[in-house]
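**Q** Provided below for reference: sequence and predicted model.
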Amino acid sequence: MSTVVLSDQFSLVNSWINELRNVETQHDRLRFRRNMERIGEIAAFEISKDLDTKEIEIQTPLDKIKVQEIAVQPVITTILRAGVPLFQGILNYFDKADCGFVAAYRKHDANDYFSIKQDYLTCPNIDGRPLIIADPMLATGASLIEAIKDLLTNGSPSQLHIVVAIASKQGVETIEKEYPNAKIWVGAIDERLTSKGYITPGLGDAGDLSYGEKLQR
Ligand code: URA
């Protein structure tokens, strides 16, 4: 489908991404989570313009009126734990949606290289429904591809939307190649990845900044 970069034209989204990245503001966890949420809210608003609609009739206190409404409610999903604030922003707007969750983490070896471990999926039927996946940091794309594979065992969605706060160029290209029908909504795209798979300049570890530094196991 296509990739939309939400910061290409300056808006408040740029200011929120600046705060997410800035070492002087990113340690305010409430603000960090809320800025992620706000990006999710804007993405949800934009995605809503792409959804199929149906005509319904409603009764106002004065008369009946025929209006447009979302034809099929989306399923909103995320990858635990870093994706939760971005996911919550999308759910704030699509408040009638169903939701699904995937758990995945980077298992680091002695040299700090990692593989993706995934061990939990709970998701409603997505057959014929728009599927929205919130993944705040699209680095190599490896964990997102694993998550999408798992989610698609629950049916064949009518549309696939991927919402990302910050992506690497490589991550976007990988997902575009693997899922050409998906639409990616990304806050900003950064040029590089570090040897350890972090987006640079990026913002650091989105999960740790939202919820506190985890113990490495
Ligand atoms: N996950 C993060 O939290 N940050 C990155 O840079 C890449 C993946």
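**A** Perfect, I can see it now.

**Q** what does this protein have sitting close to the ligand?
**A** By the rule CB under 6 Å from any ligand atom, the part of the chain lying against the ligand is 82, 137, 139, 198, 199, 202, 205, 206, 207. No exception for glycine: its C-beta is placed from N, CA and C like everyone else's.

**Q** dump the residues you listed to a markdown table, plus pLDDT and neighbour count.
**A** Formatted as a markdown table, the residues of the chain next to the ligand follow (pLDDT from 0 to 100; neighbours: other CB atoms under 10 Å):
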| residue | pLDDT | neighbour count |
| --- | --- | --- |
| 82 | 96 | 25 |
| 137 | 98 | 26 |
| 139 | 97 | 24 |
| 198 | 95 | 16 |
| 199 | 98 | 26 |
| 202 | 98 | 21 |
| 205 | 96 | 15 |
| 206 | 97 | 26 |
| 207 | 97 | 21 |
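
**Q** can you flag which of the residues you listed belong to strands?
**A** 137, 199 (DSSP state E).

**Q** biggest helix in the protein by residues?
**A** As assigned by DSSP state H, the longest helix anywhere in the chain is helix 29-48.

**Q** what residues of that helix count as buried?
**A** 32-44, 47 (16 or more other CB atoms under 10 Å).

**Q** for stretch 90-98, same thing?
**A** 90, 91, 93, 94, 97, 98.

**Q** what do you get for stretch 199-216?
**A** Buried residues in stretch 199-216, counted by 16+ other CB under 10 Å: 199, 202, 203, 204, 206, 207, 209, 210, 211.

**Q** distance from the chain centre to it, please.
**A** Mean C-alpha position of stretch 199-216 versus that of the full chain (CA atoms, centre = their mean, to the nearest Å) differs by 16 Å.

**Q** what mean pLDDT does stretch 103-112 get?
**A** The average of the pLDDT scores along stretch 103-112 is 76.

**Q** what lies in contact with it?
**A** 79-80, 114-121, 143, 146-147, 196-197, 216-217 (CB atoms under 8 Å, 6 or more residues apart in numbering).

**Q** could you redo the buried residues of stretch 199-216 as JSON lines and give each row distance to residue 188?
**A** Putting the buried residues of stretch 199-216 into JSON lines (distance: CB to CB, whole Å) gives the following:
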{"residue": "199", "distance to residue 188": "10"}
{"residue": "202", "distance to residue 188": "10"}
{"residue": "203", "distance to residue 188": "10"}
{"residue": "204", "distance to residue 188": "14"}
{"residue": "206", "distance to residue 188": "13"}
{"residue": "207", "distance to residue 188": "19"}
{"residue": "209", "distance to residue 188": "16"}
{"residue": "210", "distance to residue 188": "18"}
{"residue": "211", "distance to residue 188": "22"}
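
**Q** and the helices in the protein?
**A** Under DSSP H, the chain gives helices at 12-21, 29-48, 84-93, 142-151, 169-178, 206-211.

**Q** possible to save those helices as CSV with distance to residue 130?
**A** Shown next, in CSV, are the helices of the chain (distance: least, CB to CB, whole Å):
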stretch, distance to residue 130
helix 12-21, 22
helix 29-48, 8
helix 84-93, 11
helix 142-151, 13
helix 169-178, 17
helix 206-211, 24
